[in-house]
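Novice: Mind looking at a prediction? Sequence and model below.
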Amino acid sequence: MISLVPTPDALPMASGYFELLLLLTFPLHLVFMNAMLGGTAIAVWAHFKRDSVHERLAYKIAQVLPLLIAFTINFGVPPLLFVQVVYGHLIYSSSVLMGVFWLSVIPVLLTAYYAAYVYDFKFWNMGRRGLPILIFAGLLMLLIGFLFSNNMTLMLTPEVWQVYFKNSGGTFLNLAEPTLWPRYLHMLVGAMAIGALVIALLGRLWAKKDQEVGQLAQRVGLRVFLVVTCGQILVGLWFLISLPADVMMLFMGKNMLATCVFLLAIICVMAVIFLATKGRLGWCGGLALLLLYLMSLMRAFVRTGYVDKLFVNQIVEAQRDFSPLLLFVGTLVIGLLLIYWMLKAAFSAQED
């Protein structure tokens, strides 16, 4: 089994730098991914309400949905690259096992992207006929998330890789993994909660031009966030107890830092639920962002707990060279400034 795990490539610097960048960039990807999924779900719901306010809310979401997909993709590239840098010897192997499905992510994503643009540009012409297109795009998004969950669990369970000798066609999915479904649902339910909160926050902006739509977005978004977050507690507990005992115990005192992060995350969940009941939208948004970072850190502890079981888990550091890191940071700063300018220009155009 262990012989199937390749030797990791040498890195130009300590792996901790890449782990830190992974932890910094992954929650940013989650923000847009959650807004994309949550916004799609609320737009589907709005279509079933036969009044003009809900229809205008669906149109507002239709306008931002292609942007959310674009930002989800672009902010998803850095964390995926950092995972491949540090855990390339694991994720490349798992990607080969499910190669057909893994390569299908790109055409599926492009199809969902195209459907979102059709839903936006043809919204008023199609009316309620646009609902199947929106549902189709949403299902494709869910499929992509499921394939990513498969790969992220498969890379951490090399004992399963022996299936390659029976199925070398790249059509394997890690469906027998006990953590697959709770992990996927934990991501999905959390996305619906945070996505609804983002729609509520956008409602504040929309209220400047359409007060009815803005108030509806805030009211519905906050209500969905509250209800789904309560449900997320149960899904999170399912995910926790589905982990191997030694990994789960990291959050039960075996690793003090992991335990502290876990306790702080619980406190944040309780706090956002309380604030949501009080209608404190801004505070909910700030704590939700902190919660995303805490959850990402917890997933990093889970990943480390799995990897520490392997004999081949040491990342080799080659001769130190910071130039690739500096180039990335410089490009990232320029990119963020351009994104800020683009968002500012887009919102200014909507207000005119």
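Specialist: Happy to help now that I have it.
Novice: Return the set of buried residues in the strand or helix carrying Leu140.
Specialist: Taking DSSP states H and E as the criterion, Leu140 maps to helix 131-154. Across helix 131-154, burial judged by 16 or more other Cβ atoms under 10 Å covers 131, 133-134, 137-138, 140-154. The way it works is simple: take the backbone N, C-alpha and C, and place the C-beta from them, glycine included.
Novice: can you check stretch 226-233 too?
Specialist: Leu226, Val228, Thr229, Gln232.
Novice: And for stretch 261-268?
Specialist: Buried residues in stretch 261-268 (16+ other Cβ under 10 Å): Val261, Phe262, Ala265, Cys268.
Novice: quick check, nearest of those to Pro66?
Specialist: Cys268 (31.2 Å; Cβ to Cβ).
Novice: so who does the residue nearest to the closest one when sequence neighbours are not counted touch?
Specialist: In space, and not counting its chain neighbours, Cys268 is closest to Leu291: 4.6 Å by Cβ to Cβ, 6 or more residues apart in numbering. Leu291 is in contact with Ala265, Cys268, Val269, Val272, counting by Cβ atoms under 8 Å, 6 or more residues apart in numbering.
Novice: Is Leu291 within a helix or a strand, and which one?
Specialist: Assigned by DSSP H and E, Leu291 falls in helix 281-307.
Novice: gap between stretch 337-346 and the chain center?
Specialist: Centroid separation for stretch 337-346 versus its chain: 22 Å, with Cα atoms, centre = their mean, to the nearest Å.
Novice: so for that stretch, what's the average pLDDT?
Specialist: In this model, stretch 337-346 has a mean pLDDT of 80.
Novice: start at 22 instead
Specialist: New numbering, starting at 22: the last item is stretch 358-367.
Novice: So which residues make contact with that stretch?
Specialist: If you take Cβ under 8 Å, 6+ apart as the criterion, stretch 358-367 is touched by Leu88, Phe92.
Novice: from the chain's centre, how far out does the helix holding Leu161 sit?
Specialist: 11 Å.
Novice: What of stretch 30-38?
Specialist: 25 Å.
Novice: Would you work out how far apart the start and end of it are?
Specialist: One end of stretch 30-38 to the other measures 16 Å (Cα to Cα, to the nearest Å).
Novice: List the buried residues in it.
Specialist: For stretch 30-38, the neighbour count (16+ other Cβ under 10 Å) marks Leu32, Pro33, Ser36, Tyr38 as buried.
Novice: which one among the buried residues of stretch 282-289 gets closest to Lys230?
Specialist: Cys289 (33.0 Å).
Novice: Pretty sure that closest one sits against Leu310.
Specialist: No: applying Cβ atoms under 8 Å as the test, Cys289 and Leu310 come out as separate, 10.1 Å apart.
Novice: Not including adjacent chain positions, what is the nearest residue to Tyr113?
Specialist: Gln105 is the one closest to Tyr113 (Cβ to Cβ, 6+ apart), at 7.3 Å.
Novice: Repeat that for Ala214.
Specialist: Nearest non-adjacent residue to Ala214 (Cβ to Cβ, 6+ apart): Val249, at 4.1 Å.
Novice: Go ahead and list the helix or strand containing that neighbour.
Specialist: Per DSSP H and E: helix 232-263 holds Val249.
Novice: buried stuff in that helix?
Specialist: 234-235, 237-239, 241-243, 245-247, 249-250, 253, 256-257, 260-261, 263.
Novice: tell me what the host helix or strand of Val52 is packed against?
Specialist: Applying DSSP H and E as the criterion places Val52 in helix 36-68. Packed against helix 36-68, as judged by 3 or more Cβ pairs under 8 Å, 6 or more residues apart in numbering; DSSP states H and E, are the following elements: helix 73-118, helix 152-175, helix 201-227, helix 232-263, helix 302-328.
Novice: Now do the helix or strand containing Cys281 against helix 232-263, angle only.
Specialist: Here Cys281, judged by DSSP H and E, is contained in helix 277-298. Interaxial angle, helix 277-298 versus helix 232-263 (axes from the mean of the first three to the mean of the last three Cα atoms, to 10 degrees): 150 degrees.
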